[in-house]
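Peer 1: what's the 3D shape of this:
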Amino acid sequence: MIAPAALAQEAEAATDCPVAEFAMGLRFQQQSAEIRALQLQAYNIATEKLDAAVAAAEDPSKLAVVTDLDETVIDNTALLARDLANCHVYDAWDTWLPWERDGKPALIPGAKEFLDHADSLGVAIRYVSDRADEQKDHTLATLTDLGLPQVSPETVLLLGPPKVERREIVAADHQIVLLLGDTLHDFDGRFRNTPLDDQKATVAEEAAKWGTEWIVFPNASYGTWSEAPLTAWDAETVIEEW
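Peer 2: Reported below is the predicted structural model:
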């Protein structure tokens with residue numbers, strides 16, 4: 001049993017550290033076996049759908065996979081955990097540029113295998129990310145060090161025009177058969193800078209695309225949902241021993 005004094009200290013620490021509320025989500029994102037299962041599941045589905053698209057295509061080189069990077073292909077939770085330990089609010093993103101330059105992200109489970117498979121099929125891969133374009137050389141070096149295929153200045157499209165416009169660049173000469181991402185504007189411009197209720201409505205409207213054309217990855221460490229109020233059961237609390 002935790003002593004009342006210890007509980008009080010924990011409560012005080014949480015009050016003093018505004019980012020402490022992210023700890024459970026970040027622990028799930030970085031340490032859980034479930035997150036790895038979900039990531040592998042997403043890439044298994046992507047592989048199945050890509051194989052079907054290639055089998056139906058006259059020229060697979062005209063097909064493209066468009067993928068986000070952060071929390072979709074590469075895992076940045078080491079940065080978030082460092083900031084959390086320092087009680088630094090990491091979703092202010094003011095520690096991100098040094099991480100892009102000097103950080104060593106890990107690969108999301110299944111990412112390299114899927115991308116290598118797409119490459120072996122002759123499918124174009126385009127990495128569309130909101131990493132800083134002025135630091136593009138660092139991102140290119142990171143992706144190359146991780147052994148990812150089709151990494152070049154032309155295939156890595158970083159922050160500048162909105163993602164929807166960068167996807168249109170890809171669509172100008174390829175048929176995009178899969179979009180992969182962890183945040184909803186990786187899939188459609190209607191999700192960008194819109195209220196959460198509208199995002200939920202769009203998710204429902206596009207129900208047929210999830211797991212077929214759009215492959216979404218779990219991210220419990222940051223997102224537009226992070227300040228949303230919780231909906232609680234309004235019944236009086238009743239404590240019963242099992």
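Peer 1: So for the longest helix anywhere in the chain, what gets flagged as buried?
Peer 2: Longest helix in the chain, counting residues (DSSP state H): helix 33-56. In terms of neighbour count (16 or more other CB atoms under 10 Å), helix 33-56 has its buried residues at 35, 39-43, 45-47, 49-50, 53-54. C-beta coordinates here come from the backbone N, C-alpha and C atoms, glycine included.
Peer 1: can you check stretch 160-171 too?
Peer 2: Buried, per 16+ other CB under 10 Å, within stretch 160-171: K163, R166, R167, V170.
Peer 1: do stretch 206-215 as well
Peer 2: E206, W214, I215.
Peer 1: now stretch 222-242
Peer 2: Buried residues in stretch 222-242, counted by 16+ other CB under 10 Å: Y222, G223, T224.
Peer 1: Name the residues that touch it?
Peer 2: By CB atoms under 8 Å, 6 or more residues apart in numbering, the surrounding residues in contact with stretch 222-242 are F22, L80, Y90, D91, T183, L196, Q199.
Peer 1: just stretch 167-175 next, same as before
Peer 2: Contacts of stretch 167-175 (CB under 8 Å, 6+ apart): A57, K62, L63, A64, V66, A124, R126, V128, L157, I176, L179.
Peer 1: show me the contacts for G160.
Peer 2: Per CB under 8 Å, 6+ apart, neighbours of G160: D133, R166.
Peer 1: for this structure, what's the longest strand?
Peer 2: Secondary structure of the chain read by DSSP state E shows that its longest strand is strand 124-132.
Peer 1: List the strands paired with that strand, with their directions.
Peer 2: Note on strand 124-132: by DSSP bridges, its sheet partners are strand 63-67 (parallel), strand 156-159 (parallel).
Peer 1: From the chain's centre, how far out is the last one? Work that out for me.
Peer 2: Read it as strand 156-159. 15 Å (CA atoms, centre = their mean, to the nearest Å).
Peer 1: ranges for the helices of this structure?
Peer 2: Using DSSP H, helices in the chain cover 4-16, 23-31, 33-56, 77-85, 96-102, 111-120, 136-145, 163-171, 196-205.
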